[in-house]
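K.L.:
what follows is a predicted protein model with its sequence.
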Amino acid sequence: MTTEDLVAFVKKNLISVACAVFTILIAALCYYRSDLLPEAQKVLDERSAKAALIAANIEDSAQLREQHARLVAANKLIADRMIHIGQLAENTGYFYRLESETGVHISDPKQSSWNPPGKGAPKTNYTWVGFSVSATGDYNQVLDFLRKLESGEHFCRVNSLLLRPVSEMRGGPMNINVSLELMAAME
């Protein structure tokens, strides 16, 4: 078949040849793009997940102002219950207020030295400051003192406690030595 015969055949069957060429081009294009399908599916899945997350965030944001206000109020309550490391007189005064409320006799509450966190330690908003307290009173007064420490105005954790009678007399005064820590705001 010569070139002239080929040109005559194409002119005679123009629509059929055009359809055949078009079909071959479409098949080649489908073959070429078929390896892009998994990557396109992955992008679609990522974007669908992101859209679902955004939709969930929009739905959850309806109460955001109220939740923020509650968090701010809770943080204020926590901050109000913390001691301040440098205020030794006020910190020991807390124990003397407990003394007047419970009726125990406190002898020399001591704040232990506080060491700031070392370099490279994670930054925190609070720390624990140690105290040692000795108190004398009857059994009910000592228990009341411990309850007031536990549910008092400052966050407290008791590290050790020694409770012993002052004398051999039953129902007599008790002596308590407490090593405890109060939560303090970092200044």
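P.N.:
On my side now, so go ahead. Numbering: from 1, shown residues only.
K.L.:
could you use CA atoms for every contact and neighbour count after this?
P.N.:
OK.
K.L.:
how far does the helix or strand that Val129 is a member of sit from its chain's centre?
P.N.:
Using DSSP states H and E, Val129 sits in strand 126-137. With Cα atoms, centre = their mean, to the nearest Å as the basis, strand 126-137 stands 28 Å off its chain's centre.
K.L.:
using PDB, list the CA coordinates for that strand.
P.N.:
Listed in PDB are the C-alpha atoms of strand 126-137, where the atom choice follows Å, rounded to 0.1, in the frame of the first residue of the first chain:
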ATOM      1  CA  TYR A 126       4.000  25.100  90.400                       C
ATOM      2  CA  THR A 127       6.200  23.200  92.700                       C
ATOM      3  CA  TRP A 128       6.000  21.600  96.200                       C
ATOM      4  CA  VAL A 129       7.500  23.300  99.200                       C
ATOM      5  CA  GLY A 130       8.300  21.200 102.300                       C
ATOM      6  CA  PHE A 131       7.400  22.000 105.900                       C
ATOM      7  CA  SER A 132       7.900  20.200 109.100                       C
ATOM      8  CA  VAL A 133       5.300  20.800 111.900                       C
ATOM      9  CA  SER A 134       5.000  19.500 115.400                       C
ATOM     10  CA  ALA A 135       1.700  19.900 117.300                       C
ATOM     11  CA  THR A 136       0.400  18.800 120.600                       C
ATOM     12  CA  GLY A 137      -3.300  18.300 121.600                       C
END
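K.L.:
make 36 the first number, not 1, from now on.
P.N.:
Right, with 36 as the first residue, what we last looked at is strand 161-172.
K.L.:
list the buried residues in that strand.
P.N.:
By neighbour count on 16 or more other Cα atoms under 10 Å, the buried set for strand 161-172 is 162-172.
K.L.:
save those as JSON lines, and put in pLDDT too.
P.N.:
Below are the buried residues of strand 161-172 laid out as JSON lines (pLDDT from 0 to 100):
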{"residue": "Thr162", "pLDDT": "84"}
{"residue": "Trp163", "pLDDT": "86"}
{"residue": "Val164", "pLDDT": "88"}
{"residue": "Gly165", "pLDDT": "89"}
{"residue": "Phe166", "pLDDT": "91"}
{"residue": "Ser167", "pLDDT": "92"}
{"residue": "Val168", "pLDDT": "92"}
{"residue": "Ser169", "pLDDT": "92"}
{"residue": "Ala170", "pLDDT": "93"}
{"residue": "Thr171", "pLDDT": "93"}
{"residue": "Gly172", "pLDDT": "91"}
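K.L.:
many thanks, we can stop here.
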